[in-house]
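> Okay, predicted coordinates and the sequence, questions at the end:
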Amino acid sequence: MDLIKKLSSIKLSIFLLTAITLVCILGACLEYQFAFKYIFSSIFFWALLIAFSINLLSCSYLSFQKKVWFNSSFLIHISILIILFGGLIGKGWGIKGNLLVYEKEGTSFFFEEAHLKTFFRQFDMNGDWVWDKKEIDSWQKWQKSLSEQSEWSLFSYDSNKDSLISFQEWFQSILDAPEEIQKKMGSLLPFKLYLDEFITERYPKSPKLFITVRNTRIQEHLNVVSDTLYKIPWSSYKIKIEPWESKEIRTDEIAVSVYYGEDKKTAILSLVKNPEQIFFEDIYIHYYLEEEGQVQEWKSEIEILENNVIAKKSTISVNRPLRYKNFSFYQSSYYIDPIKKKTRSDLMVVKDHGVPFVYFGFLLLSLGLLFKFCIRPCLSSKKEAKDKS
Amino acid sequence: MEKSIFFDFAFYCYFLAVFLYAIWLFKKNRILEYICTIILLAGACSHLSFIVQRWMIAQYPPFSNTFETLVFFSWVLVIQYIVIEAIFKYRFLGTAVSFVALIILAYSTFFPSAVRPLMPALRNNFWLTVHVILCFISYAAFAMSFLAAIFHLLQKRSWHQWIALFLICLLLSGLVVGYTTAYLYNSGKWNIEWSLAVVVQFIFGTLVFSSLLWFPCFWIVSQKEWKTSEETLKKFVYGSITFGFPFLTMGILSGSVWANEAWGNYWSWDPKETWSLITWLIYAIYLHIRYRNGWQGVTMSWLSVIGFLSVLFTYFGVNYLLSGLHSYA
């Protein structure tokens, strides 16, 4: 009991919170990949988190013993433990990988970045990888162990290629590999994902004004909106787009006024002629139409095939993942392959049984904090006022 | 739509409120109290009109870029102060809050304010809206705890007063030096080749400027008339932190849910995430120390100051110095 009391001590909590804060500050100041690998995944940081969990657990146990378990502090401590438990499940038994699928093709193969990072320092799915000697050695060793079990040759490193390897070449060789090799290089889904179509939705092209001021670094792209006054930052200029006579969007000609102190000068700018206008010797205004509208949404039209039969059809887009048989698929990127002349959709594959625990912990933590710091003080102040009266 | 008449009106109201509240600090007057509140309230209403107008024109909640979040932060700060003033009748922070709101609004004008189409991750996003609103409610509460803590430290006749005053001078000098440099650089009047030596010179210049600013500021804070009871200040610092802490927690959690929906990862140790956790831990330490030791004095005020500096770094510093998923924020 004494040990539990010592472990639940608030002094220890303060010490552990301070230690975790300092480690986080150190990790946040370092380069992201380095910090993730050597700080946040280090045994030292895990030991701190375990010690903190023991501290919380002991504190909750004592509250339970004293039969004060239904209080907000107990709820807060338990919820943090549940979140850490959920995180542990995800870290230990979860799967996170990248599934790359070309249009009008299907695949069930995906690889884990963490696995590939054991070979490559630089990991760019759209470019070339630079190898150093250590990486080549580890790769060749790996390849040798694979080739002992199969006739298939994964990749041969050519020292005349300036130590560059195209990801496309490497990835295609894995897609063509037998299943047992694929299983060693990544993982296979129990079903197939077929990409019917990859769609890039764009906003309509809009007319813009490009403003520059001579002998300065001022460069502004402005939207063309009728009857709007813009102040050009770091200068004394103001620009007004004069009201259009009708409410219809006019993109061919606009009237622009430039203000400099009391001075005002107005000119008609034409989109068709696309000239560069000069006002007040220093300010340049260029009226143009965007070459293509900004990206609005990326969508992958997906079919899930089980035994070559369509089991589900769905669209994956950013913020709208597809969930199927405990797997979640997220739209992470895309790539237009210049050799295949096809679009490749890059999906993130996640299987994490810890998420429900984490979300439940989030809910409890929010309720506990709201009750402790917002509801309870209000109730007690009301009670105090009542007692006084 | 860029900045409208509502924005300008709110700006002028806050500007006026700074002076009126400052006069009230030295010469307490009932009529002046009402005038100050009415002017600040008028500014807040106009400010809200600007936010609503922008929301209607853009067709999305205006929390998706630095300009919009700064405008929202400034409004939440003013509204929280008005509510506190109405309920608890605390007016001592009027000048400071109006001044900070004014500075934030002025600072927001340096960022692109045009309504632009949203990138895919920010479109139709319920969790983004919840995340931003909750975070800024907490940031505003922590800003007020910081201001009250600074007030508390400035009232001490010891080194606490000198250092707190120097910190304020340093923040003000940073603003002036930063603005002047940005103006000279962007207007092409000064071609700066950035190097370590130049950065060191800038830091040295800012320190010298802060030291010079310290003396007149010291004379002002030495005046007795503006002082507020220590008990009130301590209560205010603790109250603001206990109000902001649940909102910060829920803000971080909602951001985590959003990250899981968008990227399949509820925590990735992205620099902004890590710094928000650091802020959360600092305030958790504050609450535990206060609970364990019952400390209420200058140590807690300093911890509150450190907490808010961490908020500032999470909001601004990470965007400029570190990169990650929040690079658009």
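Received, thanks.
> Please count neighbours and contacts with C-alpha atoms only from this point.
Noted.
> Mind checking what secondary structure A:Glu303 has?
strand (DSSP: H, G, I helix; E, B strand; the rest coil).
> What is the neighbour count of it?
Counted by other CA atoms under 10 Å in any protein chain shown, the residues lying close to A:Glu303 total 20.
> how near is the residue nearest to A:Leu75 when sequence neighbours are not counted to A:Cys374?
Excluding the flanking residues, the one nearest A:Leu75 by CA to CA, 6 or more residues apart in numbering or on different chains is A:Gly368, at 5.4 Å. The gap separating A:Gly368 from A:Cys374 is 10 Å, by CA to CA, to the nearest Å.
> How about A:Ile14?
Counting by CA to CA, the gap from A:Ile14 to A:Cys374 is 23 Å.
> quick one, which of the two is more surrounded?
Between A:Ile14 and A:Cys374, counted using other CA under 10 Å, the more crowded position is A:Ile14 (20 against 16).
> Wait, that one touches B:His288, no?
Yes: under the criterion of CA atoms under 8 Å, A:Ile14 is in contact with B:His288, at a separation of 6.7 Å.
> Mind pulling up the pLDDT for A:Glu242?
A:Glu242 is assigned a predicted lDDT (pLDDT) of 81.
> do the one 10 residues further on as well
Among the per-residue scores, A:Asp252 holds a pLDDT of 74.
> Assign a three-state SS to the residue nearest to A:Val224 when sequence neighbours are not counted, would you?
Using CA to CA, 6+ apart and skipping residues adjacent in sequence, the residue nearest A:Val224 is A:Lys208, 5.5 Å away. Following three-state DSSP, A:Lys208 is assigned to strand.
> Can you give the domain ranges for chain B?
Structural domains annotated on chain B: B:5-157+B:225-321, B:158-224, as defined by automatic domain parsing.
> Return the most buried member of the ones you listed.
domain B:5-157+B:225-321 (a mean of 20; mean count of other CA atoms under 10 Å in any protein chain shown).
> Is it positioned near chain A?
Yes: counting by CA under 8 Å from any CA of the partner chain, chain A is contacted by domain B:5-157+B:225-321 at B:109-110, B:114-115, B:117-121, B:125, B:242-243, B:246, B:249-250, B:253, B:257-258, B:261-264, B:269-271, B:274-275, B:278, B:281-282, B:284-285, B:288-289, B:292.
> Quick one: end-to-end distance for that domain.
OK, domain B:5-157+B:225-321 end separation, CA to CA: 34 Å.
> can you check stretch B:116-128 too?
17 Å.
> if I look at A:Asn71, how far off is B:Val177?
From A:Asn71 to B:Val177 the distance is 50 Å (CA to CA).
> next one: A:Gly97
47 Å.
> how about the residues of the stretch 251-389 of chain A that lie near chain B?
Residues of the stretch 251-389 of chain A lying near chain B (CA under 8 Å from any CA): A:294-298, A:318-321, A:328-332, A:348-350, A:359, A:362, A:366, A:369-370, A:373-374.
> of those residues, buried ones?
Those of these that meet the buried threshold are A:294, A:296-298, A:318-321, A:328-332, A:348-350, A:359, A:362, A:366, A:369-370, A:373-374, by 16 or more other CA atoms under 10 Å in any protein chain shown.
> out of the residues you listed, which are inside helices?
A:Tyr359, A:Phe362, A:Ser366, A:Leu369, A:Leu370 (DSSP state H).
> How about the host helix or strand of A:Ser108, which residues are buried there?
When elements are assigned from DSSP states H and E, A:Ser108 belongs to strand A:105-110. Neighbour-count burial for strand A:105-110 flags A:Gly106, A:Thr107, A:Ser108, A:Phe109, A:Phe110 (criterion: 16+ other CA under 10 Å).
> Run the chain-centre distance for the helix or strand A:Thr266 falls within.
Assigned by DSSP H and E, A:Thr266 falls within strand A:263-270. When distances are taken as CA atoms, centre = their mean, to the nearest Å, strand A:263-270 is centred 44 Å away from the chain's centroid.
> same thing with stretch A:207-225?
For stretch A:207-225, the distance to the chain centre is 31 Å (CA atoms, centre = their mean).
> Now do it: distance from first to last residue.
OK, stretch A:207-225 end separation, CA to CA: 9 Å.
> Test my guess that B:Phe308 contacts B:Met144.
No: counting by CA under 8 Å, B:Phe308 does not reach B:Met144; the two are 9.3 Å apart.
> quick one: contacts for the residue of the stretch 201-329 of chain B found nearest chain A?
Nearest residue of the stretch 201-329 of chain B to chain A: B:Ala262, at 4.1 Å (CA to the nearest CA). Listed by CA atoms under 8 Å, 6 or more residues apart in numbering or on different chains, the contact set of B:Ala262 reads A:Val318, A:Asn319, A:Arg320, A:Pro321, A:Tyr330, A:Gln331, B:Ala121.
> Ramachandran coordinates for the closest residue to B:Trp267 other than its chain neighbours?
Leaving aside its chain neighbours, B:Trp267 sits nearest to B:Ser256 (6.3 Å; criterion: CA to CA, 6+ apart). Here is the backbone geometry of B:Ser256 (degrees, to the nearest 10): phi -70, psi -40.
> got a pLDDT number for B:Ser256?
94.
> Could I get the contacting residues of it?
With CA under 8 Å, 6+ apart, B:Ser256 has these contacts: B:Asn265, B:Tyr266, B:Trp267.
> Kindly present those as TSV, with separate columns for pLDDT and secondary structure.
Formatted as TSV, the contacts of B:Ser256 follow (pLDDT from 0 to 100; DSSP: H, G, I helix; E, B strand; the rest coil):
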residue	pLDDT	secondary structure
B:Asn265	86	coil
B:Tyr266	91	coil
B:Trp267	91	coil
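> Going by mean pLDDT, which of the domains of chain B comes out lowest?
domain B:158-224 has the lowest average pLDDT among these, namely a mean of 82.
> Which positions within stretch A:368-381 qualify as buried?
So stretch A:368-381, judged by 16+ other CA under 10 Å, has buried residues A:Gly368, A:Leu369, A:Leu370, A:Phe371, A:Lys372, A:Phe373, A:Cys374.
> Kindly export the helix or strand where A:Pro356 lies (C-alpha atoms) in PDB.
Here A:Pro356, judged by DSSP H and E, is contained in helix A:355-370. Provided in PDB are the C-alpha atoms of helix A:355-370 (Å, rounded to 0.1, in the frame of the first residue of the first chain):
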ATOM      1  CA  VAL A 355      -9.000   3.700 -32.400                       C
ATOM      2  CA  PRO A 356     -12.300   2.900 -30.500                       C
ATOM      3  CA  PHE A 357     -10.400   2.900 -27.200                       C
ATOM      4  CA  VAL A 358      -8.700   6.200 -28.100                       C
ATOM      5  CA  TYR A 359     -12.000   7.800 -29.100                       C
ATOM      6  CA  PHE A 360     -13.700   6.500 -25.900                       C
ATOM      7  CA  GLY A 361     -10.800   8.000 -23.900                       C
ATOM      8  CA  PHE A 362     -11.300  11.300 -25.700                       C
ATOM      9  CA  LEU A 363     -14.900  11.400 -24.800                       C
ATOM     10  CA  LEU A 364     -14.300  10.600 -21.100                       C
ATOM     11  CA  LEU A 365     -11.400  13.100 -20.900                       C
ATOM     12  CA  SER A 366     -13.600  15.900 -22.300                       C
ATOM     13  CA  LEU A 367     -16.500  15.000 -20.000                       C
ATOM     14  CA  GLY A 368     -14.100  14.800 -17.000                       C
ATOM     15  CA  LEU A 369     -12.400  18.100 -17.700                       C
ATOM     16  CA  LEU A 370     -15.700  19.900 -18.400                       C
END
